[in-house]
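J.: A predicted structure for the sequence below; I have some questions about it.
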Amino acid sequence: MINVDHTGRVWRKATYSNAGVNCVEVAVVPAGVAIRDSKNPDKPFLNVSVAAFAAFIGGIKDGGV
């Protein structure tokens with residue numbers, strides 16, 4: 001699912017989420033990747049570098065997270 005907020009960020013959630021509301025959404029931003037809670041889209045979000053996000057995803061794929 002893809003959502004665009006008022007700032008123009010394009011938020012995406014995993015296709016495995018099946019339109020669930022308890023999901024994490026990500027958006028590419030100039031400083032890296034923004035991460036937010038899909039059930040609270042108007043709340044603050046987390047910005048991380050591309051390297052940090054890649055390490056996080058790598059850890060998930062390796063079963064370490």
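T.: Right, received. Where do you want to start?

J.: Could you report the neighbour count for Glu25?
T.: 23 (other CB atoms under 10 Å). All C-beta spots, glycine's among them, are computed from the backbone N, C-alpha and C.

J.: same deal with the one 5 residues further on?
T.: For Pro30, the neighbour count with other CB under 10 Å is 6.

J.: before we move on, what about Thr15?
T.: Residues within reach of Thr15, counting by other CB under 10 Å, total 7.

J.: Same check on Ala52?
T.: 13.

J.: so Gly59 sits in a helix?
T.: Yes: checked against DSSP: H, G, I helix; E, B strand; the rest coil, Gly59 lies within a helix.

J.: what bridges to the spatially most central residue of the chain?
T.: With distances taken as CA atoms, centre = their mean, Val26 lies nearest the centre of the chain, 2.0 Å away. Beta-bridge partners for Val26, by DSSP bridges, are Arg12, Ile35.

J.: For it, give me its contacts.
T.: Neighbour list for Val26: Trp11, Arg12, Lys13, Val33, Ala34, Ile35, Phe53 [criterion: CB atoms under 8 Å, 6 or more residues apart in numbering].

J.: Tell me the spacing between it and Arg9.
T.: Distance of Val26 to Arg9, given as CB to CB, to the nearest Å: 10 Å.
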